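J.: no sequence for this one, just the structure:
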């Protein structure tokens, strides 16, 4: 999206408005965003993990279906990685590549942002994409090799944690690097307490899902969420220092970084 939402004089956005905003901006699912203002963006970014859960369940469903049909863990893992890419039209992966090119350029902020806006992908972006996708497929292959249920859990938690990272990145105090674009639309819209509450709820939900498999998986799912948020936070702070704030590309890079960290956590032990 190319414009920044303006404050709305209408009534406060509902949960439905927030969910439409989250699904309409973070997925390609056929959802109509009826409100495009800062208040709706706030509720929408608080709902971002819900959109991630739906994406993750879709990834888990396809991976589990392929295993049921006799495919191996590697093919199931590739399919599970492909689903989030398809449901975002690859925008998060594109954002990751553009962010890598901007950071890798070593140029001042203005020049780096200009590089990120170019339509082509440079060498830093290509290498980063290859390594991240390999890491995601490798981690999910190991998870599916352990059992279809663990693989499905990893896919769901990874996608949810990826969108939780976006909620945290949209918190108050994080500036936008540009005056336009999706980054400017959502930068700073989420109160810090709200972001932390959503993070806590997501962690509890992950622990509850892990409890279905045993005590060890409680710790593993919580660790996945913590590592995802930690990795995304490190990248966020670096991008703010380098670019002066966040952009839509940075948000995409944060999502893929968080997803990868969460999936890798499922390989521990």
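T.: Done, it's in. On a predicted model such as this, the values are computed, not experimentally measured, just so you know.

J.: residue contacts, residue 56?
T.: Contacts for residue 56 were tallied using Cβ atoms under 8 Å, 6 or more residues apart in numbering; they are 84, 155, 156, 157, 158, 159, 160. C-beta here means a position set from N, CA and C on the backbone, and glycine is covered the same way.

J.: Can you say which of those are buried?
T.: The neighbour-count criterion (16 or more other Cβ atoms under 10 Å) marks 84, 155, 156, 157, 158, 159, 160 among those as buried.

J.: Which members of these define the maximum pairwise distance?
T.: Greatest spatial distance among the buried ones among the contacts of residue 56 (Cβ to Cβ): 84 and 157, at 12.5 Å.

J.: Show me where this protein dips below the pLDDT cut-off.
T.: Low-confidence segments of the chain (pLDDT under 70): 1-10, 269.

J.: hey, where'd the strands end up in it?
T.: Listed in chain order, the strands of the chain (DSSP state E) amount to none at all.

J.: What's the biggest helix in it, counting residues?
T.: Using DSSP state H to assign secondary structure, the helix with the most residues in the chain is helix 215-243.

J.: I'd say residue 211 and residue 218 touch.
T.: Yes: judged on Cβ atoms under 8 Å, residue 211 makes contact with residue 218 at a distance of 5.2 Å.

J.: which of the two has more neighbours?
T.: residue 218 (17 against 12; other Cβ atoms under 10 Å).

J.: where do the helices sit along the stretch 51-200 of the chain?
T.: Counting by DSSP state H, counting those that start in this stretch, the stretch 51-200 of the chain forms helices over residues 73-87, 91-105, 109-117, 123-146, 148-169, 182-186, 192-211, given from the N-terminal end onward.

J.: Burial-wise, tell me which of the ones you listed comes out on top.
T.: Comparing the helices of the stretch 51-200 of the chain by mean neighbour count (mean count of other Cβ atoms under 10 Å), helix 148-169 comes out on top with a mean of 28.

J.: and that one, what does it pack onto?
T.: Under the contact criterion of 3 or more Cβ pairs under 8 Å, 6 or more residues apart in numbering; DSSP states H and E, the helices and strands touching helix 148-169 comprise helix 15-26, helix 38-46, helix 48-68, helix 73-87, helix 123-146, helix 192-211, helix 215-243, helix 248-265.
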